[in-house]
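A.B. asks: Any chance you could fold what I've pasted below:
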Amino acid sequence: MNLVVLTPDKEVFAGEIKSVKVPGITGQFEILAGHAPIVSSLGEGAIRVIDTKGASTNYTISKGFVEVLNNEVSLLVQGLTEA
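C.D. replies: Have a look, this model is predicted:
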């Protein structure tokens with residue numbers, strides 16, 4: 001599945017991944033290939049991206065949104081720092 005992570009300033013990440021864990025406003029959830037379509041608000045917390053080789057990249061955000069559609073995941077976030 002493909003992931004793109006965008007801030008108001010730039011594209012932070014774009015590529016193939018195995019999974020991404022995000023901080024939903026009611027708790028964390030993980031998105032895997034074949035996930036149902038969803039649009040959700042994100043709260044303050046950690047994002048963990050696992051790429052196709054199994055390497056993990058972590059970010060911290062203050063807020064944002066996630067959209068999943070046809071194995072395409074878009075994260076629109078603010079206050080991003082790499083952890």
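
A.B. asks: How about Met1: what's its closest non-neighbour residue?
C.D. replies: Nearest non-adjacent residue to Met1, counting by CB to CB, 6 or more residues apart in numbering: Asn71, 4.0 Å away. C-beta coordinates here come from the backbone N, C-alpha and C atoms, glycine included.

A.B. asks: surely that neighbour meets Ile17?
C.D. replies: No: counting by CB atoms under 8 Å, Asn71 stays clear of Ile17, with 10.0 Å between them.

A.B. asks: Pull up the overlap in contacts between those two.
C.D. replies: Common neighbours of Asn71 and Ile17, using CB atoms under 8 Å, 6 or more residues apart in numbering, are Met1, Asn2.

A.B. asks: Comparing those two, which shows the higher neighbour count?
C.D. replies: The residue with more neighbours, out of Asn71 and Ile17, is Ile17; 19 against 14, by other CB atoms under 10 Å.

A.B. asks: ok, the more buried one - contacts?
C.D. replies: With contact set as CB under 8 Å, 6+ apart, Ile17 has these partners: Met1, Asn2, Leu3, Val49, Ile50, Asp51, Thr52, Val73.

A.B. asks: sorry, back to before: return the backbone torsion pair for the residue nearest to Met1.
C.D. replies: Phi and psi for Asn71, reported as degrees, to the nearest 10, are phi 60, psi 20.

A.B. asks: so how far is Gly43 from it?
C.D. replies: Distance, Asn71 to Gly43, by CB to CB, to the nearest Å: 24 Å.

A.B. asks: Please apply the same query to Ser62.
C.D. replies: Separation of Ser62 from Gly43 (CB to CB) stands at 9 Å.

A.B. asks: Roughly how far does the closest residue to Ser62 other than its chain neighbours sit from Ile31?
C.D. replies: If the residues on either side of it in the chain are set aside, Ser62 comes closest to Gly79, at 2.9 Å by CB to CB, 6+ apart. Gly79 is 20 Å from Ile31, where distance means CB to CB.

A.B. asks: If you count surrounding residues, which of these two has more?
C.D. replies: Neighbours were counted for Gly79 and for Ile31 using other CB under 10 Å; Ile31 has more, 21 against 12.
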